[in-house]
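In: What follows is a predicted protein model with its sequence.
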Amino acid sequence: MRPTIGYILLPSVIISILYLTFLGHRPDYAGHFMAGFGGTLLMIVTTLEIQRRKEVPPSSGTIILIVLIACITFGTLQEATTFRLAKFDEVDYCNQNIGAVLAALSSLAVTPKIPEESPVTLPAMIVGLFFLFGGFHYAFQ
Amino acid sequence: MPSSRTRNRKIAGVTILSIGLLCAVVNLFVTLNRSTIPRTIEATVVAKEIGYEKHPGRDDVCWLILDNGEKTHVDQAVWNRVSEGDQLSKKSWSRELMIGENLAQLQLSKDAEGMIPVMSGVFLLFLFLLMRVWKKGV
């Protein structure tokens, strides 16, 4: 379990540190990345957990890709409406998508081809929540 | 012979990676473009506008409205140097901007400078994770 959750936790921590180190004058960039990562990870883990209970679950790759596209679409709508102040900011948008993509790739790297009961589910949800709240903190700091 | 689920997984991995790389490239392009360094400009500034985001004074959006009808988002450092009515002239990828008769040296913003190492790290980690997806045969 430890090395598996490491594939989810370590890359996200490394990229967050890179954002806060090299783009520390704009903590909202790190905030968008972290919120995109946390929100998408939560959605992926929840959807995999629901889908694995089906008699013939779809493949994990298909589920993760569909959830990623849904999360990016949701993020696009949010950036274009609620969070559109002066303009639709392409950089904020790309940063949140990079977070979402990292969540999807990390999940794909640790999930079996067919969703199954996994000891990583709960730790991944905790990581997702942590990053989602961290993201809001930095985005509105 | 790879199963269809293995193929699915690889296709999903490559598609996800492509979306991520596209976002990283757009991040680099947009932040670089706001410095005006990559661009050719031959125009007069008709007006200057500023828009406020979540943190006024830190993430303001600075626009120049040019006589060719273009409304362009530029770095604050560029915006501060020019005034309405100024004739702007520069070649693409030149760091020299002529503002009327005066020569201004352009520099990359902190955003553009910071994006290079961050997006490089993103690129490497994405590749690492894709390799893991590719090798994982469960």
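Out: Happy to help now that I have it.

In: Let me see the ranges of the strands in chain B.
Out: Here chain B has its strands, by DSSP state E, at B:41-51, B:61-66, B:71-74, B:87-90, B:96-99, B:102-105.

In: what's the closest non-adjacent residue to B:Glu42?
Out: Nearest residue to B:Glu42 in three dimensions, chain neighbours excluded: B:Ser89, at 5.7 Å (CB to CB, 6 or more residues apart in numbering or on different chains). Using the backbone N, CA and C atoms, a C-beta is placed for each residue, glycine as well.

In: So, low pLDDT: which residues of chain B?
Out: When residues are selected by pLDDT under 70, those of chain B lie in B:1-2, B:137-138.

In: hang on, the earlier thing: Throw the strands of chain B into a markdown table and include distance to A:Ser12 and mean neighbour count, thanks.
Out: Output for the strands of chain B, formatted as a markdown table (distance: least, CB to CB, whole Å; neighbours: other CB atoms under 10 Å in any protein chain shown):
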| stretch | distance to A:Ser12 | mean neighbour count |
| --- | --- | --- |
| strand B:41-51 | 31 | 15 |
| strand B:61-66 | 29 | 18 |
| strand B:71-74 | 29 | 17 |
| strand B:87-90 | 40 | 18 |
| strand B:96-99 | 39 | 17 |
| strand B:102-105 | 38 | 11 |
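
In: TSV for those, including distance to B:Arg34?
Out: What follows is the strands of chain B, written out as TSV (distance: least, CB to CB, whole Å):
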stretch	distance to B:Arg34
strand B:41-51	13
strand B:61-66	9
strand B:71-74	6
strand B:87-90	14
strand B:96-99	13
strand B:102-105	15
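
In: Using the three-state scheme, assign the closest residue to chain B within chain A.
Out: Closest residue of chain A to chain B, CB to the nearest CB: A:Ala86 (2.8 Å). Secondary structure for A:Ala86, judged by DSSP: H, G, I helix; E, B strand; the rest coil, is coil.

In: What of A:Met125?
Out: What three-state DSSP gives for A:Met125 is helix.

In: name the element the residue nearest to it when sequence neighbours are not counted belongs to?
Out: On the basis of CB to CB, 6+ apart, the spatially nearest residue to A:Met125 that is not a chain neighbour turns out to be A:Val45, at 5.4 Å. Using DSSP states H and E, the secondary-structure element containing A:Val45 is helix A:27-51.
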